[in-house]
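Colleague: here are the coordinates; sequence isn't available:
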């Protein structure tokens, strides 16, 4: 079988010049927009049946984490504006918890998307508070997009890799350029590294037109 010849990418200096200037001010009052980024991550998610996991361990493979739950939804609210009350995202978050058989208090870290757009950041903060704020200790909230920029559809894979590293290294990175919180300041945004006690990380993702998805990563014992 003959492979198709490789073709040069259509890249020019003007098109890529902005990618070296990543500066997101997400989840704070004075934020003024985000930066689009290019990233690439490969995540291997094998069959999680007991026999498959046992075989992997027998081969000496290193299992970093378990995907315990997943859900997605589409509020179909508007092509550009976020749904003000965020009901669609809240529904997705709660379905993810149900699929994983977990309660909100069992989530230690929330890995938010953080678009650095005021309306979207406020909606995400409201949804996270609605789902996780009604407990004694709220999860730590961070976002790797503040460091690398927003790679749109590719950000989810980068979030997943970061989740695994948080579980492995027991450390939650800070939100870059985070100074003053949004109105929902009762959420525990990470302005200083958090260490230890990380057993479960919830990844939140969304995009325009009301689409949202969430995953829960758990540490493999």
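Modeller: Yep, it's here. What you are looking at is a predicted structure, and each value in this text was computed from that prediction instead of being measured.
Colleague: what about residue 127, helix or strand, and which?
Modeller: Using DSSP states H and E, residue 127 sits in helix 118-132.
Colleague: what's that helix packed up against?
Modeller: In terms of contacts (3 or more C-beta pairs under 8 Å, 6 or more residues apart in numbering; DSSP states H and E), helix 118-132 is packed against helix 87-100, strand 200-206. No exception for glycine: its C-beta is placed from N, CA and C like everyone else's.
Colleague: so where's this structure shaky on pLDDT?
Modeller: The model of the chain has pLDDT under 70 over residues 1-51, 152-153, 180-185.
Colleague: Please enumerate the strands of it.
Modeller: Taking DSSP state E, the strands of the chain run over residues 65-74, 109-111, 140-142, 171-172, 188-189, 194-195, 200-206, 211-219.
Colleague: Nearest to residue 123, out of the ones you listed?
Modeller: strand 200-206 (8.5 Å; C-beta to C-beta).
Colleague: got the angle between the helix holding residue 127 and helix 87-100?
Modeller: Relative orientation of helix 118-132 versus helix 87-100 (axes from the mean of the first three to the mean of the last three C-alpha atoms, to 10 degrees): 40 degrees.
Colleague: Please convert the strands of the chain to JSON lines, extending it with distance to residue 155 and mean neighbour count.
Modeller: Output for the strands of the chain, formatted as JSON lines (distance: least, C-beta to C-beta, whole Å; neighbours: other C-beta atoms under 10 Å):
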{"stretch": "strand 65-74", "distance to residue 155": "15", "mean neighbour count": "18"}
{"stretch": "strand 109-111", "distance to residue 155": "10", "mean neighbour count": "26"}
{"stretch": "strand 140-142", "distance to residue 155": "14", "mean neighbour count": "25"}
{"stretch": "strand 171-172", "distance to residue 155": "18", "mean neighbour count": "19"}
{"stretch": "strand 188-189", "distance to residue 155": "18", "mean neighbour count": "21"}
{"stretch": "strand 194-195", "distance to residue 155": "21", "mean neighbour count": "14"}
{"stretch": "strand 200-206", "distance to residue 155": "7", "mean neighbour count": "25"}
{"stretch": "strand 211-219", "distance to residue 155": "11", "mean neighbour count": "22"}
